[in-house]
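Chemist: Quick one: sequence and predicted model below, then my questions.
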Amino acid sequence: MLKINFHALNLSISNAPSCTKGIQDEIHFLMYCSEHQAPRDKLFDKISASCPRFPILSNIDKFIYLMTSEGDIIQEVAKFLHLYLP
């Protein structure tokens, strides 16, 4: 289901540059990749404003929340992905 949601955004990390610090999959790109730490922090701050419990979730739970969200949250995620995926 998570891959379907990622693909529903019409995005693919297969075109993303390789990361030397981990496997470049959807979870790594969105949750861990150091190349995107600063913009990810801004994204997570925006999401935390509408979901106060977001910061205390595990990274896997954050990823699931992001990929299954609707409305403003998924729009913010899509903006992030469009900006940082080639």
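Modeler: Happy to help now that I have it. Numbers count the residues shown, from 1 in each chain.
Chemist: wait, what's in contact with the residue positioned nearest the centre of the chain?
Modeler: Centrality entry for the chain: nearest residue to the mean C-alpha point is residue 30, 3.3 Å, by C-alpha atoms, centre = their mean. Residues counted as contacts of residue 30 (C-beta atoms under 8 Å, 6 or more residues apart in numbering) are 40, 63, 66, 77, 80-81. Backbone N, C-alpha and C define where each C-beta goes, glycine included.
Chemist: any idea of the pLDDT on it?
Modeler: Model confidence at residue 30, given as pLDDT, is 90.
Chemist: any idea where the strands of the protein begin and end?
Modeler: Taking DSSP state E as the criterion, the chain contains no strands.
Chemist: Could I get the buried residue list for stretch 57-70?
Modeler: 62-67, 69 (16 or more other C-beta atoms under 10 Å).
Chemist: Also stretch 50-58?
Modeler: Using 16+ other C-beta under 10 Å as the test for burial, stretch 50-58 gives residue 54.
Chemist: Next: stretch 39-51.
Modeler: Applying 16+ other C-beta under 10 Å to stretch 39-51 flags 40, 43-44, 46-47 as buried.
Chemist: model confidence over it, on average?
Modeler: Stretch 39-51 comes out at a mean pLDDT of 95.
Chemist: Using CSV, write out the CA atom coordinates for that stretch.
Modeler: Output of stretch 39-51 as CSV, limited to C-alpha atoms (Å, rounded to 0.1, in the frame of the first residue of the first chain):
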residue,chain,number,x,y,z
PRO,A,39,14.1,20.8,4.2
ARG,A,40,12.7,17.7,5.9
ASP,A,41,13.0,19.5,9.3
LYS,A,42,10.9,22.4,7.8
LEU,A,43,8.3,19.9,6.4
PHE,A,44,8.1,18.1,9.8
ASP,A,45,7.6,21.4,11.6
LYS,A,46,4.7,22.3,9.3
ILE,A,47,3.2,18.8,9.9
SER,A,48,3.7,19.0,13.7
ALA,A,49,1.7,22.3,13.7
SER,A,50,-1.4,20.4,12.6
CYS,A,51,-0.5,17.1,14.3
